[in-house]
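Novice: Kindly return the folded structure for what I paste below:
(one chain, ligands or ions: 2)
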Amino acid sequence: MSKIALIFGITGQDGSYLSKFLLKKNYVVHGVKRRSSSLNTARIDSIYQEPFVKKKKLILHYGDVSDSNSVFSIIKNTKPDEIYNFAAQSHVAVSFEIPEYTTNTDAMGTLRILEAILKINKKIKFYQAGSSEMFGKVMQIPQTEKTPFYPRSPYGVAKLYSHWITINYRESYNLFASNGILFNHESPLRGETFVTKKIVQGLCRIKFGKQKKLYLGNLYSKRDWGHAEDYVEAIWKILQVRKPDDFVICTGKQYTIKNFLDITAKKLGIILKWRGKGLNEKAYNLDNKPIVEIKKKYFRPSEVDKLVGDYTKAKKILNWKPKHNLSSLIDDMINHEINLLKNDK
Ligand code: NAP
Ligand code: G4F
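Specialist: Numbers count the residues shown, from 1 in each chain. Ligands and ions are numbered 1, 2, ... in the order given. Next up, the predicted model:
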């Protein structure tokens, strides 16, 4: 018999990669999508099945983690073996602008799902999408499952609530509830306002003459970037082991935003010369035209300066390690953008 998975946040980057992964493993996948005035299902178009298809393997439901009723009735009706909670206002900078909404979704949303599991069926396994953003102002390098947390944004604080409430329900009610502590992971399907996608898309468009400049914020924060395709495999494995537990998922390699930009430019054959400092720092092309500029609006009220993880525990218990490195991640993202530009989409 096929296992049944329910994904909150199926329309996002990770939701779409995990759905494809689970369908290949013969799961029946139920996904929760929000009602929006324009279509928000582009990332799962390739696996969408029409309503009239018999024995559908991918079934979508309208719902929202800010709405307990929809959370409860979707879990009751779909009878999942596994629930993956990706639903979140996932943009750190935006969380400073809408902290209350971010908390309602990213913290309380998790509580609503856990409460529903408790009332409906305690055997349902639960995955919570935790974040390296919870380490914030890092207390230890590299960060492991034992590193103390110090979140630096409303997003990080909300995710930390979800982390602890997941542990609390595991310990109090014996639920199979596990946290992933995932470091930044990217892909061709990454949202367009995250820095990697913004850089790859911007430089590809500049290369094709479709854009003149790219505006960024802090070039000197450091991130540990992996590929979403690798990370959804780890997420699935977290729910397949004997005991519920918490795992850091990362690559163990760290780069600045500027490193990422320089590598991407080099791969595209764009020669850059950096000049100036702070808000006046600019990257010039061979014609001495500035194509990258810094804008204050993209800086955050408080920054996470450096993140780099240690995936030893995941390697030992999940038998997981990343397949992609930064170079192959950027290649994948560039190829996707260039295909779109060539087809003029
Ligand atoms: P994403 O692309 O922003 O996707 C977020 C998903 O949540 C989307 O499907 C979104 O729906 C949905 N959503 C937002 N608010 C919701 C609500 N109130 N009710 C129901 N659904 C809601 O994020 P991602 O990159 O796939 O990340 C997946 C999860 O992992 C998120 O929780 C994120 O915070 C966490 N995480 C991500 C990373 C990373 O580097 N990508 C690292 C650590 C943790 P719409 O499509 O309608 O907006
Ligand atoms: O790409 P970012 O917006 O990702 P951030 O803030 O690290 O958060 C992502 O990873 C977390 C895991 O650690 C997830 F939990 C979270 O949901 C999200 O997926 O920014 C990365 C860095 C930051 O230091 C930011 O200040 O890039 C810097 N940056 C510089 N210029 C910029 C820009 N970030 C964005 N989004 N846009 C810029 O123009």
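
Novice: which parts of the stretch 151-300 of the chain sit against ligand 2?
Specialist: 183-184, 193-195, 198, 216-218, 221, 223, 257, 298, 300 (CB under 6 Å from any ligand atom). Quick note: C-beta positions are derived from backbone N, CA and C, even for glycine.

Novice: Surely residue 95 is within a helix?
Specialist: Yes. Assessed by DSSP: H, G, I helix; E, B strand; the rest coil, residue 95 belongs to a helix.

Novice: Hmm, it is touching residue 102, no?
Specialist: Yes. Residue 95 is within contact range of residue 102, at 4.2 Å (criterion: CB atoms under 8 Å).

Novice: Mutual contacts of these two, please.
Specialist: 89, 154, 155, 158 (CB atoms under 8 Å, 6 or more residues apart in numbering).

Novice: I'd like to know how many residues surround the nearest residue to the second one once chain neighbours are set aside.
Specialist: Sequence neighbours aside, residue 99 is the residue nearest to residue 154 in space, at 3.7 Å (criterion: CB to CB, 6 or more residues apart in numbering). Each residue near residue 99 was counted by other CB atoms under 10 Å, and the total is 16.

Novice: What separation is there between residue 99 and residue 142?
Specialist: Remark: distance between residue 99 and residue 142 (CB to CB, to the nearest Å) = 29 Å.

Novice: Starting from residue 177, give me the distance back to residue 244.
Specialist: 6 Å.

Novice: Same check on residue 46?
Specialist: Counting by CB to CB, the gap from residue 46 to residue 177 is 31 Å.

Novice: and these two? which has more neighbours close in?
Specialist: residue 177 (28 against 9).

Novice: Need phi/psi at residue 130.
Specialist: phi -80, psi 170 (degrees, to the nearest 10).

Novice: who's in contact with the residue in the chain that ligand 1 sits nearest to?
Specialist: As assessed by CB to the nearest ligand atom, ligand 1 sits closest to residue 12 within the chain, at 2.0 Å. When contacts are counted by CB under 8 Å, 6+ apart, residue 12 touches 43, 86, 90, 191.

Novice: Between the residues you listed, which sits nearest ligand 2?
Specialist: Set against ligand 2, the nearest of the contacts of residue 12 by CB to the nearest ligand atom is residue 90 (3.7 Å).

Novice: Now do the SS call for that closest one.
Specialist: coil.

Novice: what's the burial count for it?
Specialist: Neighbours of residue 90 under the rule other CB under 10 Å: 22.

Novice: That one touches residue 156, doesn't it?
Specialist: No. With contact defined as CB under 8 Å, residue 90 does not count as touching residue 156 (11.6 Å).

Novice: Show me the strands in the stretch 151-300 of the chain, by range?
Specialist: Listed in chain order, the strands of the stretch 151-300 of the chain (DSSP state E, counting those that start in this stretch) span residues 177-182, 185-186, 214-216, 222-223, 226-227, 246-249, 255-256, 273-275, 282-284, 290-294.

Novice: Mind checking the ones you listed for the one nearest to residue 171?
Specialist: Residue 171 lies closest to strand 177-182 among these, at 9.3 Å (CB to CB).

Novice: From the chain's centroid, how far away is stretch 224-234?
Specialist: 9 Å (CA atoms, centre = their mean, to the nearest Å).

Novice: How about stretch 317-335?
Specialist: Distance of stretch 317-335 from its chain centroid, counting by CA atoms, centre = their mean, is 14 Å.

Novice: end-to-end on that stretch?
Specialist: Taking CA to CA, to the nearest Å as the measure, stretch 317-335 stretches 34 Å from start to finish.

Novice: what do you get for stretch 85-99?
Specialist: One end of stretch 85-99 sits 20 Å from the other (CA to CA).

Novice: buried residues in it?
Specialist: 85, 86, 87, 88, 89, 90, 91, 92, 93, 94, 95, 99 (16 or more other CB atoms under 10 Å).

Novice: of these, closest to residue 204?
Specialist: With CB to CB as the yardstick, the closest approach to residue 204 among the buried residues of stretch 85-99 comes from residue 91, at 21.7 Å.

Novice: surely that closest one meets residue 133?
Specialist: No. Contact criterion CB under 8 Å: residue 91 and residue 133 do not qualify, at 10.8 Å.

Novice: how close does the residue lying closest to residue 261 once chain neighbours are set aside sit to residue 186?
Specialist: In space, and not counting its chain neighbours, residue 261 is closest to residue 199: 5.1 Å by CB to CB, 6+ apart. Separation of residue 199 from residue 186 (CB to CB): 10 Å.

Novice: Those two: who's more crowded?
Specialist: The residue with more neighbours, out of residue 199 and residue 186, is residue 186; 26 against 23, by other CB under 10 Å.
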